[in-house]
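Fold the following.
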Amino acid sequence: MSTSFTDTYVRNLKATGRYTDSATKGLNLQLKSGGGKYWTFRYQFMGKRYDVAIGSYPTITLKEARARATASRNELNQGIRPSAPWKPKQAEKHLNNTVEKTVFSEFAKDCIDSKKAEWRNEKHVAQWYATIKKYADPV
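Purely as a prediction, here's the structure:
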């Protein structure tokens, strides 16, 4: 059922199911059988449909849910896949986990040096260096 939500309408909903706000594209209110209500933002990205949890009602008000859905829609329009508000953005997560090495051979050398204490034979170390030099370093 698609209707423009009001605070009174949302507060008085009792039947379980998914209700869609016609005023904000993609904003839905899910009602559980136990009476719990929570907001979701439904969208399509790269041909797949996703639902992002926005928060539970009444902790997240109608106004705030609309604002979050609009922000997610803006991200989507910029080509960014929206995620849940409490999860870090993929780009930010990637930036926080990046290693400050710019050359692969430096990174590989450091990795091999950190792992060589675990290997029983020095020949393994030499094999790893040779493999990296032959197959990965020129690329």
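
tell me the centre residue of this structure?
Ser83 (4.1 Å; Cα atoms, centre = their mean).

Wait, that residue touches Val52, no?
Yes. Counting by Cβ atoms under 8 Å, Val52 is a contact partner of Ser83 at 6.4 Å. Using the backbone N, CA and C atoms, a C-beta is placed for each residue, glycine as well.

How is Ala67 assigned, secondary-structure-wise?
helix (DSSP: H, G, I helix; E, B strand; the rest coil).

Look up how far Thr24 lies from it.
9 Å (Cβ to Cβ, to the nearest Å).

the more surrounded of those two?
Thr24 (19 against 14; other Cβ atoms under 10 Å).

Now do the same contact list for that one.
Ala65, Arg66, Ala69, Thr70 (Cβ atoms under 8 Å, 6 or more residues apart in numbering).

Which member of those is positioned nearest Gln127?
Set against Gln127, the nearest of the contacts of Thr24 by Cβ to Cβ is Ala69 (54.4 Å).

Can you tell me the SS state at the residue nearest to the centre of the chain?
Criterion first, three-state DSSP; result for Ser83: coil.

Name the next helix or strand downstream of the least confident helix or strand in the chain by mean pLDDT, please.
Least confident helix or strand of the chain, by mean pLDDT, DSSP states H and E, is helix 90-97 with a mean of 50. Downstream of helix 90-97, the first helix or strand assigned by DSSP states H and E is helix 104-115.

Give me the helices and strands touching that next one, please.
helix 122-131 (3 or more Cβ pairs under 8 Å, 6 or more residues apart in numbering; DSSP states H and E).

Quick one: low-confidence residue ranges for this protein.
Filtered on pLDDT under 70, the chain yields the residue ranges 1-3, 84-102, 138-139.
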